[in-house]
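*Asks:* generate a structure from the sequence data that follows.
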Amino acid sequence: GYVHKVSTTEEGYYQVLVSGIHKLSVDKFTGEMPYIKGEISILPMEVNDRDSETEALLLGIRNEFKKLGDLINLPAEIMATMDAISDPYHVGYLVTSQLNLRVNKEQEILEIVEVNLLLHRVARELNRRVNTAEMSNKLQEDIKKDIDGKQREFFLRQQMQAIRKELGEESDGKVELEELRERAAEAGLSEEANNAVEKELTRLDRISPSSPEYSVSRNYIDWILDLPWSTSTEDTLDFDKAENDLEEEHYGLEKIKKRILEFLAVRKLKNDIHGPILCLAGPPGVGKTSLGQSIARTMGRKFSRMALGGMRDEAEIRGHRRTYIGALPGRIIQNLKKVGANNPVILLDEIDKLGNDFRGDPASALLEVLDPEQNSTFTDHYLDIEFDLSKVMFIATANMLETIPGPLRDRMEVVQLSSYTEDEKLAIARKYLLKKQLKEHALTDENLEMDDEALLAVIRSYTREAGVRNLERQLAAICRGVAANLARGWTEKTVVTTDNLYDFLGVVNYTSEMKTRTWGPGLSTGLAWTPVGGQILFIETSKMKGKGGLALTGKLGDVMKESASAALTYIRSNADSLGVDEDVFSRIDLHVHVPDGATPKDGPSAGVAMVSSLISVISDRTVRQDVAMTGEITLRGDVLPVGGIAEKVLAALRAGINELVLPVLNEKDVLEIPEEVRQGVIFHYPHTIEEALEFVLEKETDNT
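*Replies:* Numbering: from 1, shown residues only. Down below sits the predicted model:
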């Protein structure tokens, strides 16, 4: 190398800048005085043939170095030098000199001889330096923005206060507080609510309107003042008018109509009666939800509906505490604010489908709401003050009572709504559904006529349900067909009969199951209840050579399997009285199957049908095809009562069966079935299994 420049410092020292010519390595030191001496070897630094890797490394280093120059503001002379040099070694050493590396790392780079290894090492160190510079710049920008934002906010607030002072608007907050106090005086608040509002108003007086806490307190006060603390609607106490209104809007449903009229009668005599808490339980489509709206209209009350299906958060009922951001009252309080009265009809729809998870159990939260002794002091978490719900009329709807927790079910007055009979469906279709669909499809009686036979055919062959939803859909399909004909230019009135029903609805959806069965020993007809109504249930039993085994198929639940085992045990233990050879059980195996094998089945109701099927196949006596049966059995031979009698009777009638065997203790339930349905049915009420078998088994013929 050679001395490039010599200068003196302020302290009197010399500063020498040496420019290197060659890179060398010390092979051997030969002396130290008066200066270090040694034998050296000059290392090669020329690159004759650059390969593609070298070129790629150089291009990447130049690009990254340019990025670094922009990030840390490298001098323009350095950047110009980088653009001017082309030797890979010089490029690597220039970049290394600007990376602020420790001496040991710089020494490591200097000792690398092979050019591509050198460029790889320099590229790694350069990339690390660029990342560090980017992170540093970002942090500095964030800090600067935060400081600038706070300074700007402080400056603007100072300006705003000065402007408001000049305009004489400093008292706006005082005016707002006075307006809130006037609203509180007119809201008819309870003493507790009034104290809470006054406390918040005092707090607002000390808070700047620009503070986030101000809006939180203001929202809280608004919620309290918007609630109907003393606002009620007048009940319609015209008993005859209410009765006529209910009859006009809903066909049948006599139990619930009677209960509403009783409430109005008592309300007429006593002004401060608590609102009833009813639970309408029944299959889908029988009018539970629409009945709630009709009750509200009949009574002259406001109406609100809460859909509870799938609700899992307890805060949906009681609200969130105000400590949470975005907190709101629960939906009970929200609905009261929406209707603007403290005595509305609130429909709790699908209460049997409430869920629960880690957020709580809404069913437990409803215990306070639906308890007449507690709901006068209902406390929402957001309001944290008591609100009187005793004037509210709560009506819950459910398909199954079994899924409602016991304590919650105990707080409600359950009114069972049975499936519609065929006559009721016909009347509903004629009086309500057909008229509604004609109106919705812009049709009149001049465009469409449908006789009762056609309506009955739709009910029997195209729908099979407890309610009338599918019936309404089928009527809508007929109306659409008529509308399509009118659009094609037809002008004649369309008359729908059983002969042309296929043209509108296609092939029938349902046929009598009785016609599809090959009858013989081992086949009996049971009755089952489902959440969507009743249905008939066939029990098939076959026997084969074996050793007394019992096989059960048809996707049966544990209770139903136990019924089959109990039935077989009863037959074996009473073989003599039943006329069965005791030895037969050791020579045969029995297989009990319940068709529609993909559908899960469970419950004790098929006990009598199980016994009948088993004794039939064992004794080769056929069960009567025109008889259906239901009832739980015991090992002693008693026939115990079961539920869903009305739905089961209707299911039997739909299948063309008009002779039924029911437990004697279910005789009272038959009286709840409409008279017009009971008239065409023969009921048998056995106490024991032997009595039941007398009714269901074909009489033995004497061949002598």
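
*Asks:* the residue nearest to I36 when sequence neighbours are not counted bridge partners, please.
*Replies:* Leaving aside its chain neighbours, I36 sits nearest to F29 (6.8 Å; criterion: C-beta to C-beta, 6 or more residues apart in numbering). (Each C-beta comes from the backbone N, C-alpha and C, glycine too.) F29 has these beta-bridge partners by DSSP bridges: G38.

*Asks:* thought F29 was touching I40?
*Replies:* No: taking contacts as C-beta atoms under 8 Å, F29 lies outside contact range of I40: 10.2 Å.

*Asks:* could you pull out the helices in the stretch 451-600 of the chain for me?
*Replies:* All helices of the stretch 451-600 of the chain, identified by DSSP state H, counting those that start in this stretch, fall at 452-461, 469-487, 501-505, 558-573, 575-578.

*Asks:* quick one: the ones you listed as a markdown table, columns for distance to K545, mean neighbour count and mean pLDDT too.
*Replies:* Below are these laid out as a markdown table (distance: least, C-beta to C-beta, whole Å; neighbours: other C-beta atoms under 10 Å; pLDDT from 0 to 100):
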| stretch | distance to K545 | mean neighbour count | mean pLDDT |
| --- | --- | --- | --- |
| helix 452-461 | 43 | 18 | 88 |
| helix 469-487 | 47 | 18 | 91 |
| helix 501-505 | 49 | 17 | 87 |
| helix 558-573 | 17 | 18 | 91 |
| helix 575-578 | 19 | 13 | 86 |
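
*Asks:* of all those helices, which one is nearest S190?
*Replies:* S190 lies closest to helix 469-487 among those, at 44.0 Å (C-beta to C-beta).

*Asks:* go ahead and measure how far that closest one is from the middle of the chain.
*Replies:* How far helix 469-487 lies from its chain's middle: 32 Å, per C-alpha atoms, centre = their mean, to the nearest Å.

*Asks:* which residues touch that helix?
*Replies:* If you take C-beta atoms under 8 Å, 6 or more residues apart in numbering as the criterion, helix 469-487 is touched by 284-285, 425, 428-429, 433-434, 436-438, 440-443, 447-448, 450, 458-459, 462-465, 494, 496, 503-505.

*Asks:* just to revisit the earlier point, reformat the helices of the stretch 451-600 of the chain as CSV; add distance to L261.
*Replies:* Converted to CSV, those look like this (distance: least, C-beta to C-beta, whole Å):
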stretch, distance to L261
helix 452-461, 30
helix 469-487, 27
helix 501-505, 39
helix 558-573, 40
helix 575-578, 52
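
*Asks:* which one, of these, ends up nearest to I72?
*Replies:* Among the helices of the stretch 451-600 of the chain, helix 469-487 comes nearest to I72, with 74.0 Å by C-beta to C-beta.

*Asks:* low pLDDT regions in this protein?
*Replies:* 1, 46-49, 157-158, 160-174, 272, 512-517, 700-704 (pLDDT under 70).

*Asks:* show me the domain layout of it.
*Replies:* Domain assignment for the chain by automatic domain parsing gives 2-43, 52-127, 172-226, 239-416, 422-505, 513-696.

*Asks:* would you confirm that N194 contacts A184?
*Replies:* Yes: at 6.5 Å, N194 counts as touching A184 under the criterion of C-beta under 8 Å.

*Asks:* so for those two, which sits in the more crowded spot?
*Replies:* Taking other C-beta atoms under 10 Å, N194 and A184 do not tie; A184 has more neighbours (20 against 17).

*Asks:* tell me the contacts of the more buried one?
*Replies:* Residues in contact with A184 (C-beta under 8 Å, 6+ apart) are 194, 197-198, 201, 221, 225.

*Asks:* name the helix or strand for it, please.
*Replies:* Assigning secondary structure by DSSP states H and E places A184 in helix 172-186.

*Asks:* overlap in contacts of F29 and I40?
*Replies:* Between them, F29 and I40 share no contacting residue, judged by C-beta under 8 Å, 6+ apart.

*Asks:* follow-up on the earlier one: for the residue nearest to I36, grab the count of nearby residues.
*Replies:* F29 is flanked by 10 other residues according to other C-beta under 10 Å.

*Asks:* against I21, how distant is it?
*Replies:* If you measure F29 against I21 using C-beta to C-beta, to the nearest Å, the figure is 21 Å.

*Asks:* again with E647
*Replies:* 107 Å.

*Asks:* out of the two, which sits in the busier spot?
*Replies:* Ranked by neighbour count (other C-beta under 10 Å), E647 and I21 place E647 first, with 23 against 10.

*Asks:* how about the helices of the stretch 101-250 of the chain, start to end?
*Replies:* Going by DSSP H, counting those that start in this stretch, the stretch 101-250 of the chain shows helices at 103-110, 115-167, 172-186, 191-206, 212-226, 239-249.

*Asks:* adding distance to D51, write those out as JSON lines.
*Replies:* JSON lines is the format used below for the helices of the stretch 101-250 of the chain (distance: least, C-beta to C-beta, whole Å):
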{"stretch": "helix 103-110", "distance to D51": "21"}
{"stretch": "helix 115-167", "distance to D51": "8"}
{"stretch": "helix 172-186", "distance to D51": "78"}
{"stretch": "helix 191-206", "distance to D51": "77"}
{"stretch": "helix 212-226", "distance to D51": "65"}
{"stretch": "helix 239-249", "distance to D51": "92"}
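
*Asks:* closest one to E402 among those?
*Replies:* Between E402 and the helices of the stretch 101-250 of the chain, the shortest gap by C-beta to C-beta is with helix 239-249, which sits at 29.1 Å.

*Asks:* would you mind writing the CA trace of the closest one as CSV?
*Replies:* C-alpha atoms of helix 239-249 as CSV (Å, rounded to 0.1, in the frame of the first residue of the first chain):
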residue,chain,number,x,y,z
PHE,A,239,-115.2,-10.0,27.0
ASP,A,240,-117.5,-10.7,24.0
LYS,A,241,-115.3,-8.8,21.6
ALA,A,242,-112.2,-10.6,22.8
GLU,A,243,-113.9,-13.9,22.4
ASN,A,244,-115.0,-13.1,18.8
ASP,A,245,-111.6,-11.8,17.9
LEU,A,246,-109.9,-15.1,19.0
GLU,A,247,-112.5,-17.2,17.2
GLU,A,248,-112.0,-15.2,14.0
GLU,A,249,-108.2,-15.5,14.0
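
*Asks:* list the backbone torsions phi and psi for the residue nearest to the spatial centre of the chain.
*Replies:* For the chain, the residue nearest the mean C-alpha position is G310 (3.7 Å; C-alpha atoms, centre = their mean). Per-residue torsions, G310: phi 80, psi 0 (degrees, to the nearest 10).

*Asks:* that one touches D352, doesn't it?
*Replies:* No: in this structure, G310 is not within contact of D352 by C-beta under 8 Å, at 11.6 Å.
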